[in-house]
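Chemist: have a look; sequence and predicted model below, questions after that.
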Amino acid sequence: MSDTTPLIEPRVLKGFRDYPPEKMMPREALIETARRVYRSYGFAPIDTPALEYYDVLAGKGSEETDRQMYQFRDHGDRHVGLRFDLTVPLARFVAQYAHELGMPFKRYHIATVWRGEKNQAGRYREFMQCDFDTVGVRSLASDAEMVLVVSDLMRAIGFERFQIRLNNRKVLNGLLEKFGLRDRAAHVLRAVDKLPKIGAAGVRDELLNVTGISPTAADNVLQLAQLHGSNEQMLTQLAATCRGNELAETGVSELQQVIAWSAAVGVQEPILQLDVAIARGLDYYTGTIIETFLDDLPSIGSVCSGGRYDQLAELFTREQLPGVGASLGLDRLLAAMEELGLAPATHTPADVLIAQFDSGLIPQYFQIARDLRRLGFGAEVFTDARKIGQQFKYADRRGYRAVIVVGADEVASRKIQVKWMADGKQLEFPWDENLSEMASWLRKQLNRE
RNA sequence: GUGGUCGUAGCUCAAUUGGUUAGAGCAUUGGAUUGUGGCUCCAAAGGUUGAGGGUUCGAUUCCCUUCGACCACCCCA
């Protein structure tokens, strides 16, 4: 290329981001944690194509879906789209392979999804979801298990101050039916959902003016949404309110059951809180619904939402395939952790750096590195012939805990120098077959005993 | 998708109601320091003021367009 060739400006699309090492390390750590927790409950991994037929992803289709989904014609003129969540692909997947999978089918799926939305802090056009779902189980034990997974996951990530808010669509739908608002359920629930944001007066206002329901009905709804107290108190009150409507009564007993089973292993207030104002996931949820909020940053929204849907795959098969599961918003959670200064402290991928004193000793450096790796340590050989001071500076900046120094003197004496970066102390170990002395010291220093 | 605020070095910010050569701190690179990082000192590099057009003798400053970030709505992880 000549100097006059116009340069291409390096840039990324709106709502898309690069992940340098310092962003990627905590990201991978989080993914690893999610994977570990999911597996510990017996969920198995799957993956599906990022690109699918448009009509598979669009489902019933709506203005909103159309607006959010990236879609285009491929080279064979097929109408295709990028997945915008992991639940629709799951529905297609279980419908397609139901017979081979066997029920119950428990899967987790950690993958990127795309939405053509206007971006904001913690809200991107490309982001990662960490879903887990149980398909083919009607028992509420799976609902309770979902709560336990979320609770375990949040703790494993390092959060103590969070709330899992629990609700049930049957309660909401039953009561709306009772109030004669069934036909306007979506609007009413949407208004209710804004309670924490715009307050009771705001919700009432929206119910009256936007949704157009009667003042009596609005007050009924508001009174319901503002129920508060202990889970037990709320259940009692709810039961009274729901009396006479079969659907709502079922919902209350479901809530009761989920709360009781979760409590059996200690997941209860204040972590698990009944909240009648939680109404999201309007599309397909039919029973239990949960949302997870951070006590220290509620404004970022739910970082983990889920629930039960009776007709997961109804668009793809006549078989009845109920599902229950939740989705961790990895990128949103990371954005929250960043804002709260909770980004997990990560060091370099490797444990020790082997400095290069003399290019003639590179075979020895490679051998030491190989031996360390066999012993379970990560080891990087500094491959560039730079001044030793600069190599130490590199080690320091990258967060290396230890630096190995071997020069002519060490070769002569068959010793290895190891400098512990935190305190600057340097120790000498015999350079023997299995590096056992150095290995046990390193293990101790790195808390790997 | 609708409405709004904002874009100056990699980052955080300066630059007199439009005035000539756009500065500083941190970060980066090199040196002081040819077997040892952080601290200190010296130096260098880094900018078509997001981009394009317009008004003007003159634009970082004013106007339009566009790209991007953020905020509210919509929706949602």
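Modeler: Cool, got the structure. Numbers count the residues shown, from 1 in each chain, chains lettered A, B, ... in the order given.
Chemist: tally of neighbours for A:V147?
Modeler: Per other CB atoms under 10 Å, the neighbour tally for A:V147 reads 26. The C-beta positions use only the backbone N, C-alpha and C, and glycine is treated the same way.
Chemist: just A:L86 next, same as before
Modeler: A:L86: 27 neighbours (other CB under 10 Å).
Chemist: what pLDDT does the model give the residue lying closest to A:L207 once chain neighbours are set aside?
Modeler: The shortest distance from A:L207 to any non-neighbouring residue, by CB to CB, 6 or more residues apart in numbering, is to A:A218 (4.2 Å). Predicted confidence (pLDDT) for A:A218: 81.
Chemist: which residues of the stretch 301-449 of chain A lie near RNA strand B?
Modeler: Contact residues, the stretch 301-449 of chain A versus RNA strand B (CB under 7 Å from any atom of the strand): A:301-305, A:327, A:329, A:331-333, A:357, A:386-390, A:392-393, A:395-397, A:403, A:405, A:407-410, A:417, A:419, A:421-424, A:426.
Chemist: can you give the domain ranges for chain A?
Modeler: Domain ranges of chain A: A:21-339, A:352-445, per automatic domain parsing.
Chemist: out of those domains, which is the most enclosed?
Modeler: domain A:21-339 (a mean of 18; mean count of other CB atoms under 10 Å).
Chemist: okay, how far is it across that domain, tip to tip?
Modeler: 18 Å (CA to CA, to the nearest Å).
Chemist: chain center to it, what's the gap?
Modeler: 13 Å (CA atoms, centre = their mean, to the nearest Å).
Chemist: quick revisit: the residue nearest to A:L207: what secondary structure?
Modeler: helix (DSSP: H, G, I helix; E, B strand; the rest coil).
Chemist: what pLDDT does the residue of chain A found nearest RNA strand B get?
Modeler: Ranking the residues of chain A by distance to RNA strand B (CB to the nearest atom of the strand) places A:G329 first, at 2.2 Å. Each residue has a pLDDT score; the one for A:G329 is 86.
Chemist: what's the answer for A:V406, then?
Modeler: So, for A:V406, pLDDT stands at 94.
Chemist: what's the closest non-adjacent residue to it?
Modeler: Nearest non-adjacent residue to A:V406, counting by CB to CB, 6+ apart: A:I416, 5.8 Å away.
Chemist: pLDDT on whichever strand or helix holds the one you found, on average?
Modeler: Per DSSP states H and E, A:I416 falls inside strand A:415-420. Mean per-residue pLDDT for strand A:415-420: 94.
Chemist: that strand - contacts with which helices or strands?
Modeler: Secondary-structure packing of strand A:415-420 (3 or more CB pairs under 8 Å, 6 or more residues apart in numbering; DSSP states H and E): strand A:402-405, strand A:425-430, helix A:436-445.
Chemist: give me that answer again for 6 Å
Modeler: strand A:402-405, strand A:425-430 (3 or more CB pairs under 6 Å, 6 or more residues apart in numbering; DSSP states H and E).
Chemist: tell me the first helix or strand C-terminal of the first one.
Modeler: Following strand A:402-405 in sequence order, the next helix or strand is helix A:408-413 (DSSP H and E).
Chemist: look up the pLDDT of the closest residue to A:A422 other than its chain neighbours for me, please.
Modeler: Once flanking residues are discounted, A:A422 sits nearest to A:R401: 7.0 Å by CB to CB, 6+ apart. Looking at A:R401, its pLDDT is 90.
Chemist: next: A:D283.
Modeler: In this model, A:D283 carries a pLDDT of 68.
Chemist: next, A:R17: phi, psi?
Modeler: phi -140, psi 150 (degrees, to the nearest 10).
Chemist: quick one, helices of the stretch 151-300 of chain A?
Modeler: For the stretch 151-300 of chain A, the helices defined by DSSP state H, counting those that start in this stretch occupy A:169-178, A:185-193, A:195-206, A:215-225, A:231-242, A:246-263.
Chemist: CA atoms of the third one as PDB?
Modeler: This means helix A:195-206. Provided in PDB are the C-alpha atoms of helix A:195-206 (Å, rounded to 0.1, in the frame of the first residue of the first chain):
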ATOM      1  CA  LEU A 195     -45.300   1.700  39.600                       C
ATOM      2  CA  PRO A 196     -41.800   1.900  40.900                       C
ATOM      3  CA  LYS A 197     -41.000   4.500  38.300                       C
ATOM      4  CA  ILE A 198     -43.900   6.800  38.100                       C
ATOM      5  CA  GLY A 199     -45.600   6.100  41.400                       C
ATOM      6  CA  ALA A 200     -49.200   5.300  42.300                       C
ATOM      7  CA  ALA A 201     -50.600   8.700  41.100                       C
ATOM      8  CA  GLY A 202     -48.800   8.200  37.800                       C
ATOM      9  CA  VAL A 203     -50.200   4.700  37.300                       C
ATOM     10  CA  ARG A 204     -53.700   5.800  38.200                       C
ATOM     11  CA  ASP A 205     -53.400   8.600  35.700                       C
ATOM     12  CA  GLU A 206     -52.200   6.300  33.000                       C
END
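Chemist: fine by me, thanks again.
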